[in-house]
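>>> Coordinates only, no sequence provided:
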């Protein structure tokens, strides 16, 4: 809470207590808001679909031959 609050204008003890409670609540809300990390911005699927895709460079033939074959390329069956 704030170190010192000076309430002027003829406020009685009840009004001063109400003002102090409001200030304490505002400070508590501000402290809670700063403790929460902001959520990352997630783009909708429509926005993501309109963005250019990352295209990887083609694999050179000598590297392609070193890669293991996928299971779908050699189906096992009768």
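That came in fine, so what should we check first? From a predicted model like this one, the values you see are computed outputs, not experimental measurements. Numbers count the residues shown, from 1 in each chain.

>>> just the helices in this protein please.
For the chain, the helices defined by DSSP state H cover 13-35, 45-50, 61-66.

>>> Can I get those in TSV including mean neighbour count?
Just so you know, the C-beta spots here come from the backbone N, C-alpha and C atoms, and that holds for glycine as well. Below are the helices of the chain laid out as TSV (neighbours: other C-beta atoms under 10 Å):
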stretch	mean neighbour count
helix 13-35	11
helix 45-50	9
helix 61-66	8
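
>>> Those helices into TSV, with extra columns for mean pLDDT and distance to residue 6?
Shown next, in TSV, are the helices of the chain (pLDDT from 0 to 100; distance: least, C-beta to C-beta, whole Å):
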stretch	mean pLDDT	distance to residue 6
helix 13-35	92	10
helix 45-50	84	52
helix 61-66	74	75
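
>>> Out of those helices, which gets nearest to residue 5?
Evaluated with C-beta to C-beta, these place helix 13-35 nearest to residue 5, the distance being 6.3 Å.
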